[in-house]
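K.L.:
Build me a structure from this.
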Amino acid sequence: MLYFEKSQPTPECLAIEKQKANGDYKCGGVLNRLKEDFKNKCYICEKLEPSSINVEHFRPHKENKDLKFSWENLFWSCSHCNNTKLANFDNILDCTNINDSVEERLKYSLKPFPREQIVIEALDDEESTLMTKALVEKVFNGATKLKTIESANIRDEILKEILEFQNYLFEYFDPTYDEEDKEFILRKIKGHLSQCSNFTSFKRWIIRENAALFKEFGQYC
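P.N.:
Alright, predicted model coming up:
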């Protein structure tokens, strides 16, 4: 999970829609603002350009109009993650709150053998961290038969991304490449580590875990 800054001010249409009997919180420029704020990524699984998009209520509104039409409570997610989270995880880390330090509180890794397995490690024992860990594990490993299949498809995509990223890391340190080649490879590595990349947290933790890699690329995390 990455930090994303929500744009301000609050879209004016939300206050208008809130007064209606059947108001729509997906009004005006809300969709475009959320898409841009979250880099068109699901904030939970970090899949870029999800084919099925939901405007999710970060805190379940349960017909509370203040929460239902709160700009701070509207997040960009894929249907897989939204349907996994539902109203069951109401105390998770807020990736739009810089004080929650989401990137320093969960460690992400993928173990490819003997089978693809996502390992999420909580780096503190705060309730919000532990609940976020439980949600992310459920997203990547599945809970029902259908969600298990969806999760396996996501893990396959993560593995492909990591293999491509690691290949660029190997090439960067290959002594047979000249400076022009290395500059091109560095741009690719920086792209993989950016907010706009698929499954960024997994790649940033590859860098953070290795002292030599962190010395070279830590500034891009």
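
K.L.:
residues touching Asn198, list them.
P.N.:
Counting by Cβ atoms under 8 Å, 6 or more residues apart in numbering, Asn198 touches Lys41, Glu46, Lys47, Leu48, Glu157, Ile158, Glu161. Quick note: C-beta positions are derived from backbone N, CA and C, even for glycine.

K.L.:
what do you get if the cut-off is 6 Å, keeping everything else the same?
P.N.:
Leu48, Glu161 (Cβ atoms under 6 Å, 6 or more residues apart in numbering).

K.L.:
Asn73 now?
P.N.:
Residues in contact with Asn73 (Cβ under 6 Å, 6+ apart) are His57, Phe58, Arg59, Leu67.

K.L.:
Over to Phe75?
P.N.:
Contacts for Phe75 (Cβ under 6 Å, 6+ apart) come out as Tyr43, Glu56, Phe58.

K.L.:
Quick check: pLDDT value at the first one.
P.N.:
Yep, that's Tyr43 we're talking about. What the model reports for Tyr43 is a pLDDT of 98.

K.L.:
what secondary structure does it sit in?
P.N.:
coil (DSSP: H, G, I helix; E, B strand; the rest coil).

K.L.:
So what's the residue count around it?
P.N.:
Neighbour count for Tyr43, taken as other Cβ atoms under 10 Å: 24.

K.L.:
for the second one, same thing?
P.N.:
For Glu56, the number of neighbouring residues by other Cβ under 10 Å comes to 22.

K.L.:
which SS class is it?
P.N.:
Secondary structure of Glu56, reduced to three states by three-state DSSP: strand.

K.L.:
for Asn82, same thing?
P.N.:
helix.

K.L.:
And the pLDDT at the closest residue in space to it that isn't next to it in sequence?
P.N.:
Excluding the flanking residues, the one nearest Asn82 by Cβ to Cβ, 6 or more residues apart in numbering is Asn54, at 4.1 Å. Per-residue pLDDT puts Asn54 at 95.

K.L.:
On the secondary structure side, give me the element for Ile118.
P.N.:
Assigning secondary structure by DSSP states H and E places Ile118 in strand 117-122.

K.L.:
Which strands or helices does the helix or strand following that strand pack on?
P.N.:
Using DSSP H and E, the next helix or strand after strand 117-122 towards the C-terminus is helix 127-141. In terms of contacts (3 or more Cβ pairs under 6 Å, 6 or more residues apart in numbering; DSSP states H and E), helix 127-141 is packed against helix 79-85, strand 117-122.

K.L.:
Swap in 10 Å and give it another go.
P.N.:
helix 79-85, strand 106-111, strand 117-122, helix 145-172 (3 or more Cβ pairs under 10 Å, 6 or more residues apart in numbering; DSSP states H and E).
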